[in-house]
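Visitor: Kindly return the folded structure for what I paste below:
(2 chains)
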Amino acid sequence: GAVVSQHPSWVICKSGTSVKIECRSLDFQATTMFWYRQFPKQSLMLMATSNEGSKATYEQGVEKDKFLINHASLTLSTLTVTSAHPEDSSFYICSAPGFEAFFGQGTRLTVV
Amino acid sequence: AQSVAQPEDQVNVAEGNPLTVKCTYSVSGNPYLFWYVQYPNRGLQFLLKYITGDNLVKGSYGFEAEFNKSQTSFHLKKPSALVSDSALYFCAVRPPNTDKLIFGTGTRLQVFP
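Guide: Residues are numbered from 1 along each chain as shown, chains lettered A, B, ... in the order given. As a prediction, this is how the structure comes out:
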């Protein structure tokens, strides 16, 4: 099946700094990418949809200036958590749409 | 509002016994239905899907799921559980005319030796 590679798998950053998470489609082209956030013992919350060649579409309640999403090419989408704070600590997962949806490995972000 | 319910936070089963993880949904139209498994600090892995046709769907690792339209359910099953099946399982629904998935809250499966 299709492969989505997400990097890094984990990151620890200081409060106030920014962190970039990359999601690449390795063997196919993805014009859109979904970004999810997962809280401990909870389900996946869709944050936004990145769109190649246009602005990302954010779900209600998601801060656009905090979570910058860019779809630079047909194989790369990025999520940048700006001015991170401890409450941004979470597990972030990207997913390329398809019949089955193809998920990245996830990124564990810890803000200290 | 469209939603997916997984009524059990955790399911415990002894190795070798059959297992069932429940899922019901509330979505208009004829949605696509999915099961995914997640291991700690990992992304989701696809297990199986129902699009149309036979109500019993077979998937990866010996799992299967039964679609019941009248009960709007899509329960995950396995005839004989393995300790290695212990993980977090998510039911998901894709409503018609969208690529977005709606996830249930997840069920932690614990298989004891």
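Visitor: Just give me how far the helix or strand bottoming out on mean pLDDT in chain B sits from the chain centre.
Guide: Lowest by mean pLDDT, DSSP states H and E among the helices and strands of chain B is strand B:102-103, with a mean of 90. What separates the centre of strand B:102-103 from the centre of its chain is 11 Å, taken as CA atoms, centre = their mean, to the nearest Å.
Visitor: Could you do stretch A:78-88 as well?
Guide: Averaging C-alpha positions (CA atoms, centre = their mean) puts stretch A:78-88 11 Å from its chain's average.
Visitor: Please report how far A:L76 lies from A:T110.
Guide: Distance of A:L76 to A:T110, given as CB to CB, to the nearest Å: 24 Å. Using the backbone N, CA and C atoms, a C-beta is placed for each residue, glycine as well.
Visitor: circling back to that earlier point, the least confident helix or strand of chain B pairs with which strands?
Guide: Strand B:102-103 has these partner strands in its sheet, going by DSSP bridges: strand B:87-94 (antiparallel).
Visitor: Pull out the buried residues from the strand it pairs with.
Guide: B:A87, B:L88, B:Y89, B:F90, B:C91, B:A92, B:V93, B:R94 (16 or more other CB atoms under 10 Å in any protein chain shown).
Visitor: Tell me which of these has the lowest pLDDT.
Guide: By pLDDT, B:R94 ranks lowest within these, coming in at 91.
Visitor: Beta-bridge partners for it, please?
Guide: According to DSSP bridges, the residues that bridge with B:R94 are B:Y32.
Visitor: pretty sure it contacts B:N30?
Guide: No. Judged on CB atoms under 8 Å, B:R94 makes no contact with B:N30 at a distance of 10.5 Å.
Visitor: Name the next helix or strand downstream of the lowest-mean-pLDDT helix or strand in chain A, please.
Guide: Here the helix or strand of chain A ranked lowest by mean pLDDT, DSSP H and E is strand A:102-103, holding a mean of 90. The helix or strand immediately downstream of strand A:102-103 is strand A:107-111, counting by DSSP states H and E.
Visitor: other SSEs contacting that next one?
Guide: strand A:10-13, strand A:19-25, strand A:90-96 (3 or more CB pairs under 8 Å, 6 or more residues apart in numbering or on different chains; DSSP states H and E).
Visitor: give me that answer again for 6 Å
Guide: In terms of contacts (3 or more CB pairs under 6 Å, 6 or more residues apart in numbering or on different chains; DSSP states H and E), strand A:107-111 is packed against strand A:10-13.
Visitor: So the least confident helix or strand of chain A, near chain B or not?
Guide: Yes. Applying CB under 6 Å from any CB of the partner chain, one finds strand A:102-103 in contact with chain B at A:F103.
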